[in-house]
Structure formats: C-alpha cells, structure tokens
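# Sequence plus the predicted model coming up.
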Amino acid sequence: QTIHVLSASRVPKHSAFNSRMRSSCALALFPCLSLINITSAYKARNFTEEAIDYSGFVQGHLNFLQRQDADSALGRIQQRSRGYLQGPYQYLAEQECQPEETQKQKWAEYKSFHAQCRQDESCMRRAVIWKCEDYDLCGGLGDELRGLAFSLYAAIAAKRPFFVSWSKMGQNILALFEKQEGVDVSVPPGLLQGCETRNMIDWHPEQDALTQFLSSTKEVSTCESWVTNIVVTQTLFDRRMLQEYLPWLVHVQPRYAIGCAMSFLFKPSSPDSVPEMWQGRGGRNFSVIHYRVDDSAIGEDDQSNNATYSVHIRKALQCATSHDISSILFLSASEAAKKRALQMSTDFGIQLHVSKGVAKHIDQDPSQLTSAEFESAVWNDFVAIQQAQYLLFAGRVSGFAGNAASMSFLPSDHVLDNSCSPVASGEVVRSE
C-alpha cells in the first residue's frame with residue numbers, strides 16, 4: 001500500500017509527465033513517484049586560484065593549492081566519514097542537545113532500545129524507515145534532512161526502531177556518514193521490501209492533523225517507509241507538540257533540530273587536514289556567503305539578473321565588512337551570481353573565492369555519478385558550510401545552507417540574513 005501526500009509544485013514538468021499525469025500525482029491518485037528517476041544534484045563544485053578546487057575536501061584530504069586526484073583520495077580514506085565534518089562550534093552540540101542528565105539518559109535509552117530491537121523480529125515489524133532513493137521525489141538536500149530528522153523524532157516518540165535508506169544518483173549517501181557507536185540505522189536486508197510506503201511530500205499539517213498522525217503512528221504494528229520532507233521545526237518542534245510527545249527535548253532550539261538528530265545518529269569527523277584549505281588565504285578562519293537563486297537560474301550564466309544579484313551581493317558584502325570578515329567562500333548555484341560576486345568583492349577589499357563547477361538541479365538532472373563526481377556535484381558545498389565561522393545569506397534564507405549550519409551548531413549571531421540580522425531560529429532549517 002502506498003499513501004501519497006504530494007504537492008503539485010513538486011511534480012516534474014519534464015520527461016514523460018504531462019499535465020494530466022501531474023494532476024493525478026497531486027491528487028494522490030497515481031503512483032507517479034515510481035515512474036521517473038528524480039535524481040539529486042544540488043551543487044557542482046571544483047576550485048582553482050579564484051575558483052578553488054576542493055574535490056578532496058569531504059574526503060579529509062583538502063588541498064586548495066593544487067588539484068588532487070579525487071578517486072585516489074577516496075581510496076585513502078574509505079573508512080572515514082566524508083559527509084559530516086566537525087566545525088569550529090561543534091563543541092556546542094552537547095550543551096544544545098543533551099545539557100542535563102535527563103536528556104543524556106533519554107537519548108541513551110533509545111539507543112539501547114534500537115540495538116535490542118534489531119535482534120527482535122516482532123519489534124522490527126514496527127520499524128520506521130525514512131526512504132529517499134533514485135525513484136523517490138524527496139526535494140533538495142535541505143528537504144531531505146528535514147524529513148530524516150522528523151522521521152527520527154517521530155519514531156522515538158512512538159518507540160519504534162528507525163532506519164535510513166538514502167541513495168541518489170546511483171550513490172549511497174548514507175555511506176558518507178560514520179555511524180555513532182551503538183546506533184546503526186542502515187536497513188537490515190529484506191526489511192524494506194515488506195514495508196508499506198507513505199509519501200508525504202510538502203505536507204504541512206495543522207497541529208490537529210499532526211497530533212492525529214503521531215497518535216496513530218504509536219499504534220501501527222507494521223513496518224512503514226516514509227518519503228517525506230515534513231518541516232520538523234514547524235511541526236514536531238512546536239513547544240506544545242514537544243510537551244506531549246518528546247518533553248525531554250523542549251530545551252532544544254528549533255535551529256538545532258537537524259543538528260541534534262544528525263549528531264545523535266552520526267559522528268562528525270575531525271577535519272585534521274582542513275587547515276590546508278586556506279593556507280595562504282587566511283587560515284581556517286573563513287566564512288561563507290550563500291546565495292540561493294531560483295531553480296530556473298541553477299547552473300545558468302544568464303547576465304540578465306545581474307542587477308538583482310548585485311543588490312543582494314552588495315548587502316552581504318557590506319554585512320561581512322561590518323563584522324570584520326575578510327576571507328569568504330561565496331557559494332551559489334548561479335554562474336552569473338558567482339561572477340558578479342568576484343567583480344564586486346574588489347570594491348570591498350574582501351578576499352573572495354567562488355566555485356568553478358556548474359551546479360545541477362536535484363529534480364531535473366538524471367545523472368548517475370561516480371563517488372567523486374557525486375561528492376563534487378552534491379556534497380562539497382554542504383561540508384564547506386559546516387566549516388564556516390559565519391554564514392551570511394545573500395537573498396533568501398536557504399535550507400541547504402541552514403541545515404549545514406544546524407549540524408555545525410553555528411551560534412545564532414553567526415547566521416545572518418540579507419539585512420545582516422540573525423536569522424530566526426526556526427527559519428534557519430525550514431526554508432527551501
């Protein structure tokens with residue numbers, strides 16, 4: 001049985017889908033998610049002197065002074081986490097997620113329950129699997145992380161074992177992460193095939209609907225796989241919902257909802273070689289400006305939007321100057337925006353570098369990539385943001401960048417919007 005809760009705006013407008021099929025998908029009458037390969041490509045990134053090559057960045061072998069052979073670098077660190085690196089504020093994770101013994105005990109209790117449940121067939125029959133695979137429509141990386149975190153918290157509240165099946169563009173994304181000791185969320189062989197599927201994309205439930213959903217989740221006796229991007233900070237991290245379902249998490253700031261979930265499941269690697277990243281360019285003390293453009297501008301070099309880009313980029317550069325930030329990595333999916341940022345940075349006396357690669361869109365690119373290509377095309381910008389001292393948004397707030405900031409536990413006054421004001425706690429991780 002497959003249950004679809006799908007927004008029409010998420011249904012692709014290309015390939016084999018015509019308007020009638022899109023309408024059917026939106027009405028949840030047609031299992032369209034299994035008919036098209038919706039693949040994940042958010043960023044394509046390589047760097048040189050101005051456009052820095054950090055193909056080795058997520059592989060723990062950073063070198064911003066010369067290009068590296070990405071495949072050989074991958075071979076050297078096969079056992080190392082490449083998806084989650086410790087940022088400069090990672091030490092805040094414990095005080096934000098588990099500040100007191102009560103929280104430590106609750107997390108430990110679920111960890112113990114999860115480990116025991118893996119050995120109990122009857123318990124495994126109640127599993128919740130967050131699923132995002134090549135043939136699933138999951139949204140961008142920001143959407144995916146929101147859905148994963150929501151599913152984890154809902155599984156904990158319902159005391160059900162939680163697992164993750166996460167692969168895009170032919171790559172196992174889960175393999176990028178190093179699991180925390182005692183928590184293995186990889187799907188046991190054969191479990192997924194016996195699960196019912198709930199597709200809950202772009203579902204924004206009112207509190208009554210969410211309460212009903214969570215209450216019913218507790219009573220479910222069968223395995224379920226959830227394809228969802230539910231905004232965890234707008235739903236489960238509503239204080240009233242937490243009081244009812246996860247009262248021991250009421251202290252968690254919504255901005256760290258993703259970070260607490262991911263740091264419970266996965267162990268961030270120590271970025272021992274990160275200092276190489278900015279040798280000759282200001283050491284590790286760098287910040288990121290992220291410019292989230294419209295989907296139609298992703299990968300494009302259309303100069304017609306330069307006037308708009310200039311307004312937003314100027315504000316971000318002015319904000320950087322006011323905070324004495326002089327070493328910046330400018331990340332955007334728009335080639336035109338990156339070129340404009342390079343041009344404008346000289347007027348501000350800011351050392352700015354941009355990505356060389358051309359970005360790809362998660363819902364429109366059907367590529368099947370090698371490991372190195374995948375990390376270059378999808379993941380490197382994400383872990384770069386995890387290393388930033390500040391995150392500044394040019395234009396609108398981006399969930400892609402905001403979730404990286406959540407995972408690195410960037411302080412609230414280090415995440416700034418286009419007016420140079422701290423981004424509201426819940427807004428950091430709920431934007432698309």
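Ah, there it is.
# for stretch 318-329, which positions count as buried?
The neighbour-count check on stretch 318-329 (16 or more other Cβ atoms under 10 Å) flags 319, 320, 323, 325, 326, 327, 328, 329 as buried. (C-beta placed from N, C-alpha, C; glycine too.)
# which one of those residues sits closest to residue 120?
Nearest to residue 120 out of these is residue 329 (Cβ to Cβ; 47.0 Å).
# For residue 244, the count of nearby residues, please.
13 (other Cβ atoms under 10 Å).
# er, residue 339 actually
16.
# And it, how far from residue 301?
8 Å (Cβ to Cβ, to the nearest Å).
# can you check residue 147 too?
32 Å.
# Which of the two has more residues huddled nearby?
residue 147 (25 against 12).
# Could you pull out the buried residues of the host helix or strand of the more buried one?
Here residue 147 sits within helix 141-158, counting by DSSP states H and E. Buried residues in helix 141-158, counted by 16+ other Cβ under 10 Å: 141-158.
# helix or strand right after it?
Using DSSP H and E, the helix or strand that directly follows helix 141-158 along the chain is strand 162-168.
# Pull up the pairing partners for the helix or strand just after that following strand, direction included.
For strand 162-168, the succeeding helix or strand toward the C-terminus, using DSSP H and E, is strand 171-172. According to DSSP bridges, strand 171-172 forms sheet pairs with strand 162-168 (antiparallel).
# who's in contact with the partner strand?
Around strand 162-168, the neighbours that count as contacts under Cβ atoms under 8 Å, 6 or more residues apart in numbering are 39-40, 114, 127-134, 144, 148, 151-152, 155-156, 172-174, 185-188, 191-192, 225, 265, 362, 374, 378.
# residue ranges with poor pLDDT in the chain?
Residue ranges of the chain with pLDDT under 70: 1-81, 271-284, 356-357, 362-364, 426, 428-432.
# try 50 this time
1-50, 52-81, 273-283 (pLDDT under 50).
# Could you check how far the residue sitting furthest away from the middle of the chain is from residue 341?
What lies farthest from the middle of the chain is residue 347; by Cα atoms, centre = their mean that is 33.0 Å. According to Cβ to Cβ, residue 347 and residue 341 sit 11 Å apart.
# Same question for residue 109.
From residue 109 across to residue 341, the span is 48 Å (Cβ to Cβ).
# got it, and residue 101?
From residue 101 to residue 341 the distance is 47 Å (Cβ to Cβ).
# residue ranges of the helices in the stretch 51-200 of the chain, please?
70-76, 93-97, 101-117, 121-124, 141-158 (DSSP state H, counting those that start in this stretch).
# Of these, which is nearest residue 243?
Using Cβ to Cβ, the helices of the stretch 51-200 of the chain put helix 141-158 closest to residue 243, at 11.7 Å.
# What ranges does this protein have for its strands?
2-5, 128-132, 162-168, 171-172, 178-179, 196-200, 224-228, 266-267, 287-291, 327-332, 351-354, 391-394, 415-416 (DSSP state E).
# Please produce a markdown table containing the ones you listed, extended by distance to residue 366.
Below are the strands of the chain laid out as a markdown table (distance: least, Cβ to Cβ, whole Å):
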| stretch | distance to residue 366 |
| --- | --- |
| strand 2-5 | 22 |
| strand 128-132 | 16 |
| strand 162-168 | 11 |
| strand 171-172 | 14 |
| strand 178-179 | 30 |
| strand 196-200 | 20 |
| strand 224-228 | 19 |
| strand 266-267 | 28 |
| strand 287-291 | 26 |
| strand 327-332 | 23 |
| strand 351-354 | 27 |
| strand 391-394 | 29 |
| strand 415-416 | 34 |
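# closest one to residue 314 among those strands?
Closest of these to residue 314 is strand 391-394, at 8.9 Å (criterion: Cβ to Cβ).
# Within its sheet, name the partner strands of the closest one and how each one runs.
Sheet pairing for strand 391-394, assigned by DSSP bridges, gives strand 287-291 (parallel), strand 415-416 (parallel).
# So what's the gap between the first one and the chain middle?
Between the centre of strand 287-291 and the centre of its host chain there is 16 Å, according to Cα atoms, centre = their mean, to the nearest Å.
# Report the buried residues of it.
Neighbour-count burial for strand 287-291, counted by 16+ other Cβ under 10 Å, picks out 287, 288, 289, 290, 291.
# again with stretch 187-202
So for stretch 187-202, counting by 16+ other Cβ under 10 Å, buried means 187, 191, 192, 195, 197, 198, 199, 200, 201, 202.
# now, the most widely separated pair of the residues you listed?
Greatest spatial distance among the buried residues of stretch 187-202 (Cβ to Cβ): 191 and 202, at 26.8 Å.
# Of residue 101 and residue 341, which one has the most company?
Neighbour count, other Cβ under 10 Å: between residue 101 and residue 341, residue 341 has more, with 28 against 8.
# what about the closest residue to the more buried one other than its chain neighbours, how many neighbours?
Nearest residue to residue 341, sequence neighbours excluded (Cβ to Cβ, 6 or more residues apart in numbering): residue 330, at 4.5 Å. Look at residue 330: counted by other Cβ under 10 Å, it has 26 neighbours.
# What of residue 171?
Residue 171, neighbours per other Cβ under 10 Å, totals 23.
# How much space separates the closest residue to it other than its chain neighbours from residue 382?
Nearest non-adjacent residue to residue 171, counting by Cβ to Cβ, 6+ apart: residue 374, 4.3 Å away. Distance, residue 374 to residue 382, by Cβ to Cβ: 12 Å.
# More neighbours: those two, which one.
The neighbour comparison of residue 374 against residue 382 (other Cβ under 10 Å) goes to residue 382, with 26 against 22.
# Test my guess that that one contacts residue 400.
Yes: counting by Cβ atoms under 8 Å, residue 400 is a contact partner of residue 382 at 7.0 Å.
# So the spatially closest residue to residue 285 that is not a sequence neighbour versus residue 355, what's the distance?
Spatial nearest neighbour of residue 285, chain neighbours left out: residue 389 (5.8 Å); criterion: Cβ to Cβ, 6+ apart. Computed as Cβ to Cβ, the residue 389 to residue 355 distance reads 19 Å.
# Show me which of the two is the more surrounded one.
Taking neighbours as other Cβ under 10 Å, residue 389 and residue 355 compare with residue 355 leading, 26 against 18.
# Any idea how many residues pack against residue 404?
Residue 404 has 30 neighbours, counted by other Cβ under 10 Å.
# mind listing what the residue nearest to it when sequence neighbours are not counted touches?
Once flanking residues are discounted, residue 404 sits nearest to residue 385: 3.7 Å by Cβ to Cβ, 6+ apart. Residues counted as contacts of residue 385 (Cβ under 8 Å, 6+ apart) are 288, 290, 331, 391, 401, 404, 405, 408.
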